[in-house]
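S.K.: Turn this into a model:
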Amino acid sequence: MYENRIKHLEHVHEMLDKKIDVMERTGVFEDNNIHDLKKQRLQVRDQLAELRRKQHEHDQEVDQGDD
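M.R.: All right, here's what the predicted structure looks like:
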């Protein structure tokens, strides 16, 4: 039910991780810019956690309906 959105957010999170990693390794960034990216990454992670929780609840309901 939530699989596509979860996959999309996982991709977004991975891209943010890579961008932040490159910026930190090279030292080429402005503090505000990297702060904003880290904030975005945290928001994506929170959204992922919420969707995974909803998916788990949905799966549990479906499994119980099969009894």
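S.K.: G65 and D59: what is the separation?
M.R.: Distance, G65 to D59, using C-beta to C-beta, to the nearest Å: 11 Å. No exception for glycine: its C-beta is placed from N, CA and C like everyone else's.
S.K.: scratch that, M15 is what I was asking about
M.R.: Relative to D59, and taking C-beta to C-beta, M15 is found at 27 Å.
S.K.: G65 and D59: which is more packed in?
M.R.: D59 (12 against 7; other C-beta atoms under 10 Å).
S.K.: what's the neighbour count on K38?
M.R.: 14.
S.K.: what's near enough to touch it?
M.R.: Residues near K38 by C-beta atoms under 8 Å, 6 or more residues apart in numbering: I20.
S.K.: residues of the longest helix belonging to the chain that come out buried?
M.R.: Taking DSSP state H as the criterion, the chain has its longest helix at helix 31-65. Within helix 31-65, the residues scored as buried using 16 or more other C-beta atoms under 10 Å are 37, 41, 44, 48, 51.
S.K.: The helix or strand harbouring M15 relative to helix 31-65, how many degrees between them?
M.R.: Per DSSP states H and E: M15 is located in helix 3-26. Helix 3-26 and helix 31-65 are oriented at 150 degrees to each other (axes from the mean of the first three to the mean of the last three C-alpha atoms, to 10 degrees).
S.K.: what comes up buried for helix 3-26?
M.R.: 6, 9, 12-13, 16, 19-20, 23.
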